[in-house]
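K.L.:
coords please:
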Amino acid sequence: MTSNDLLDSYLRQLRLPTFLKSYHQYAIDAARNDLDHIRFLLALAEQEVNQREHNMIQKRIKDARFPVLKELADFDFSAIPSLNKAMILDLARGEYLQKRQSIIFIGNPGLGKTHLATGLALTACRNKHKVRFWTAANLVNELLQAQDEHRLHRVIAQALKLDLVVLDELGFIPFSDNGAQALFTFCSELYERIPFIITTNLKFADWVQVFGSERLTAALLDRLTHHASIIELIGESHRFRQRMRQEVNDG
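P.N.:
Modelled structure (predicted):
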């Protein structure tokens, strides 16, 4: 076995794939530029570390299960003048994650609540946080199935390993009594331990339409709004504006 073959074998055993892939070319470049051994190894080590960080971030994004990737940079703040852009960008710095403070976006459909929630959560992934995105309906279905299979505690235990939970479209579909109770249990267990980003088309006074029980709704709101940034979006539906522009262009 040659020295290169032996080195390749050792690098595979040490699980240094980027090192293995790059060292031939780096050795050529080092010789050409008269780099010493330390700088040669440093360049390889940096490449390995950078690639691992990139892979980890991509895994965080994949594990979050975003339905669509939406960047904060692509959000049209000019369409909603009442929305404080500076506040949203300040939230993107992630201090709310360290403080375990939730964010609730309230507003009519089509104003970009999901876009903002996804953009903030995507930024959190890129800052190496563990994120999970659910629509409220899908989460409740998962919780009810887990409850039927006597593994609800395991689902909650897995959620407690996260750094952020996104709960999208709360209010579009009313829940059964069992579904409302399951979601209440989930949120209660995560309360003050894992922050939420929630989007809803309902004002708080109308949440009882979704959860049924006034007592349960009040208890849930008490937990979710505690330490939360509550951001109301007011304006015209983005989809409606697009449709109107298209009609004008077609006309």
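K.L.:
doesn't residue 198 belong to a strand?
P.N.:
Yes: using DSSP: H, G, I helix; E, B strand; the rest coil, the assignment for residue 198 is a strand.
K.L.:
who's in contact with it?
P.N.:
102-105, 117, 166-168, 170, 224 (Cβ atoms under 8 Å, 6 or more residues apart in numbering). Bear in mind the C-beta positions are built from the backbone N, C-alpha and C, glycine included.
K.L.:
nearest to residue 124, of those residues?
P.N.:
residue 166 (9.3 Å; Cβ to Cβ).
K.L.:
where do the helices sit along the stretch 101-250 of the chain?
P.N.:
113-126, 136-148, 152-159, 177-190, 208-211, 214-224, 238-250 (DSSP state H, counting those that start in this stretch).
K.L.:
mind putting the ones you listed into CSV with distance to residue 28?
P.N.:
Formatted as CSV, the helices of the stretch 101-250 of the chain follow (distance: least, Cβ to Cβ, whole Å):
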stretch, distance to residue 28
helix 113-126, 33
helix 136-148, 52
helix 152-159, 47
helix 177-190, 52
helix 208-211, 64
helix 214-224, 58
helix 238-250, 52
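K.L.:
hey, which of those is tucked in deepest?
P.N.:
Comparing the helices of the stretch 101-250 of the chain by mean neighbour count (mean count of other Cβ atoms under 10 Å), helix 113-126 ranks first with a mean of 22.
K.L.:
that one - contacts with which helices or strands?
P.N.:
helix 37-64, helix 85-91, strand 103-107, strand 131-135, strand 164-170, strand 196-200 (3 or more Cβ pairs under 8 Å, 6 or more residues apart in numbering; DSSP states H and E).
K.L.:
among the ones you listed, which comes closest to residue 74?
P.N.:
Closest approach to residue 74 among those is made by helix 85-91 (12.8 Å; Cβ to Cβ).
K.L.:
contact partners of that closest one?
P.N.:
72, 75, 77, 103, 116, 120, 229, 231.
K.L.:
mind listing what's buried in it?
P.N.:
With burial defined by 16 or more other Cβ atoms under 10 Å, the residues of helix 85-91 counted as buried are 88, 91.
K.L.:
okay, now the unreliable bits of the protein?
P.N.:
By pLDDT under 70, the low-scoring segments of the chain are 1, 3, 7, 10, 237-251.
K.L.:
close enough to count as contact, residue 117 and residue 106?
P.N.:
No: with contact defined as Cβ atoms under 8 Å, residue 117 does not reach residue 106; the gap is 11.7 Å.
K.L.:
distance to residue 235 added to the helices and strands packed on helix 113-126, as a markdown table?
P.N.:
Converted to a markdown table, those look like this (distance: least, Cβ to Cβ, whole Å):
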| stretch | distance to residue 235 |
| --- | --- |
| helix 37-64 | 27 |
| helix 85-91 | 14 |
| strand 103-107 | 8 |
| strand 131-135 | 23 |
| strand 164-170 | 18 |
| strand 196-200 | 15 |
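K.L.:
closest to residue 145 out of these?
P.N.:
Comparing those by Cβ to Cβ, strand 131-135 comes nearest, at 13.2 Å.
K.L.:
strand partners (parallel or antiparallel) of that closest one?
P.N.:
Paired strands of strand 131-135, with direction, are strand 164-170 (parallel) (DSSP bridges).
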